[in-house]
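[1] One predicted model, sequence on top.
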Amino acid sequence: MAPVLTAVAELDGTPAVSVAGRGLAYGELREAAGAVGWGLDGAARVAVWAEPSLEFCVAAVGVLGAGATLVPVNPRLGRSELRHVLTDSRPEVLIGAPEHGLPNLDPSPRRLEVDLTARGGELAQLDAEDERPALIVYTSGTTGRPKGVVLSRRAIASNLDAIAAAWAWTRDDVLVHGLPLFHVHGLVLGLFGPLRLGGSVRHLGGFDPTVAAAVLRDGGTMLFGVPTMYHRLGRAAEAPGGGEVADGLRRARLLVSGSAPLPAPEFERILRLTGQGVLERYGMTETLMNLTVRADGPRRPGRVGVPVPGVEVRLLDEAGAEIAACDGETMGEIAVRGPNLFSGYLNRPEATAEVLRDGWFHTGDLATRDPDGYWRIVGRRATDLIKTGGYKVGAGEVEAALLDHPRVLEAAVTGEADPDLGERIVAWIVPSGPVDGLERALVAHVAAELAPHKRPREVRVVEQLPRNALGKVIKQQLRR
Ligand code: MCA
Ligand code: AMP
């Protein structure tokens, strides 16, 4: 059986990965990652500071290749969320984190740095059928702290192969992306995808529409992004002098969007500017990719295509019974079964049992199916989950952080439609005193405790929050 990162074991001089222009060929990557693996000295769980850097890529390959579990850590996590992630996952080794600003942990993980020039060590690479965990990725729920999603080697390898078949993804592909490397989109699809399939990945080091288009003009064949990125690309292509951006997009073999709904006007704008329809796919941290338009399939706005090969997808009614209708109207919850599913939430058996029932994962996302079998995501069960810039944020975690601030008496958080971010986080606050400088203070507080992408984009001061007889905030009234 082949290893998960097949190409890392097999290729040599072919370019493997570059970040902001610094790159490694497969042989160099294998050697440097082998040295990381050797340095782990048998550790089973390893957290890596997930800066968009070549060092992170080498560390990730080294950890996976050594048969350990990788916990990618968002380097911008605030104090309390970082403490949560590290105490929940209890890594034995921590790679790449700065010396200062880390919480005191007992036992504290051993520290390791990546040396790109180091050589030696073997990448044993557990095989791709292995049920053992490859990754723990933290994801938000409606309430409480983010949960660690445990993903096996089997889930990753099977899903990448299925996606490769659907997108005709080959060794000739050069993937361009500027996604964060601590989520499934940027890490599994964006980094492990090319390293399994033998293509190369050129990470931009961050996202910038002009740079993305320049790399596409310079040989990139595919672009992976969230809708906010396509919004910014469309805007840049339309702006005076934006011809080069449109040209870059036009040359790509595939423009792929995921992590949040791509609004129809954004789809139409890119189509008008480039002649290319953006290909949409639907995934989730717990399931990897479930539905996708195929490379040779028709692309229609708002449609996420058909089930990924080997993945079963069902539409369920309120009672949990399967909906057979393909009428483009009957709405149900999406449930998924297949080798792509996660193994469970770390340390959270009850939370796992709630969503994983009889082998089916209940996504909480609502969809309809067209007569030709194309799926359309129309919303989600939980109104307390916000997708902002492609990041999932639970209203509850932001509310808890706000309530920790001395100037806040009561707080409620909602998501509102936003042309750039899809949804923006709005905080409704009953203050405990004067409101001077309150907004700035609260935004900075959430960014420092949780992460900057969880900060409210707007703070609205109210005298009281509308509550029902049980004291629960009626968020529909706030939204109105
Ligand atoms: C701003 N910043 C602050 C503050 N305000 N920092 C501290 N305190 C503040 N008060 C900083 C930010 O950290 C950032 O710094 C800069 O200012 C701009 O921040 P922001 O406006 O929030 O973001 P952006 O730069 O405009 O980012 C837009 C983006 C980003 C690039 C689209 O949202 C993004 O990368 N989204 C991708 C999310 C994703 O990958 N989701 C996948 C999960 P600096 O510029 O230095 O960074 S979903 C998934 O994986 C499933 C499986 C799926 O289906 O794909
Ligand atoms: P995450 O938990 O961060 O992995 O986000 C997964 C969620 O993103 C899904 O449950 C959906 O709500 C949403 N999502 C992902 N891809 C799409 C898409 N193409 N269209 C609409 N929503 C999507």
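    Structure received. Numbers count the residues shown, from 1 in each chain. Ligands and ions are numbered 1, 2, ... in the order given.
[2] how far is the worst-scoring helix or strand of the chain on mean pLDDT from where the chain is centred?
    Across the helices and strands of the chain, the lowest-confidence element by mean pLDDT, DSSP states H and E is helix 475-479, at a mean of 91. Here the centre of helix 475-479 is set off from its chain's centre by 28 Å, with C-alpha atoms, centre = their mean, to the nearest Å.
[3] Run through the neighbouring helices and strands of it.
    strand 408-418 (3 or more C-beta pairs under 8 Å, 6 or more residues apart in numbering; DSSP states H and E). Quick note: C-beta positions are derived from backbone N, CA and C, even for glycine.
[4] repeat that for 10 Å
    Using 3 or more C-beta pairs under 10 Å, 6 or more residues apart in numbering; DSSP states H and E as the contact test, the elements touching helix 475-479 are strand 408-418, strand 422-431.
[5] The first one - which strands sit beside it in the sheet, and in what orientation?
    As defined by DSSP bridges, the strand partners of strand 408-418 come to strand 422-431 (antiparallel).
[6] and the partner strand with ligand 2, contact?
    No - taking C-beta under 6 Å from any ligand atom as the criterion, strand 422-431 and ligand 2 are apart, separated by no less than 9.1 Å.
[7] Give me the mean pLDDT for that strand.
    Averaged over strand 422-431, pLDDT sits at 98.
[8] Likewise for stretch 386-402?
    Stretch 386-402 carries an average pLDDT of 97.
[9] Please apply the same query to stretch 49-60.
    The average pLDDT within stretch 49-60 is 98.
[10] Going forward, count from 18.
    I'll keep to 18 as the first residue from here, and by that count the last item is stretch 66-77.
[11] Quote the end-to-end distance of it.
    With C-alpha to C-alpha, to the nearest Å as the measure, the first residue of stretch 66-77 is 10 Å from its last.
[12] ok now that stretch, how far from the chain's centre?
    Per C-alpha atoms, centre = their mean, the displacement of stretch 66-77 from the mean C-alpha position of its chain is 16 Å.
[13] what's the answer for stretch 256-270, then?
    What separates the centre of stretch 256-270 from the centre of its chain is 26 Å, taken as C-alpha atoms, centre = their mean.
[14] same thing with stretch 455-463?
    Once both centres are worked out by C-alpha atoms, centre = their mean, stretch 455-463 turns out to sit 26 Å from its chain's centre.
[15] Could I get the phi/psi values of the residue of the chain found nearest ligand 1?
    Across the chain, the shortest distance to ligand 1 (C-beta to the nearest ligand atom) belongs to G406, at 2.6 Å. Listed backbone geometry of G406 is phi 60, psi 20, with angles given as degrees, to the nearest 10.
[16] try M239
    According to degrees, to the nearest 10, M239 has phi -140, psi 150.
[17] residues contacting it?
    Counting by C-beta atoms under 10 Å, 6 or more residues apart in numbering, M239 makes contact with 184, 186, 190-194, 207, 210-211, 216, 218, 233, 269-273, 296, 312.
[18] Could you list the contact residues of the protein toward ligand 1?
    With C-beta under 6 Å from any ligand atom as the criterion, the chain comes near ligand 1 at residues 93, 196-197, 200-203, 224, 243, 245-246, 275-276, 300-302, 406-408, 460-461, 464, 469-470, 472.
[19] Now, the residues you listed that are in strands?
    The subset of the residues of the chain next to ligand 1 located in strands under the criterion DSSP state E comprises 300-301, 408.
[20] What remains of the residues you listed if I keep only buried residues?
    Restricting those to buried positions leaves 300-301, 408, with burial counted as 16 or more other C-beta atoms under 10 Å.
[21] which among the residues you listed gets closest to L133?
    Within those, the smallest distance to L133 is 29.3 Å, found for Y408 (C-beta to C-beta).
[22] what's the neighbour count on the residue nearest to that closest one when sequence neighbours are not counted?
    In space, not counting the residues next to it along the chain, Y408 is nearest to H470; the distance is 4.7 Å by C-beta to C-beta, 6 or more residues apart in numbering. A total of 17 residues lie near H470 under the criterion other C-beta atoms under 10 Å.
[23] Would you agree H470 is in contact with E414?
    No - with contacts defined as C-beta atoms under 10 Å, H470 does not count as touching E414, sitting 11.9 Å away.
[24] Now do the strands in the stretch 68-217 of the chain.
    Secondary structure of the stretch 68-217 of the chain (DSSP state E, counting those that start in this stretch): strands located at 86-90, 110-112, 127-129, 150-156, 164-169, 191-194, 217-220.
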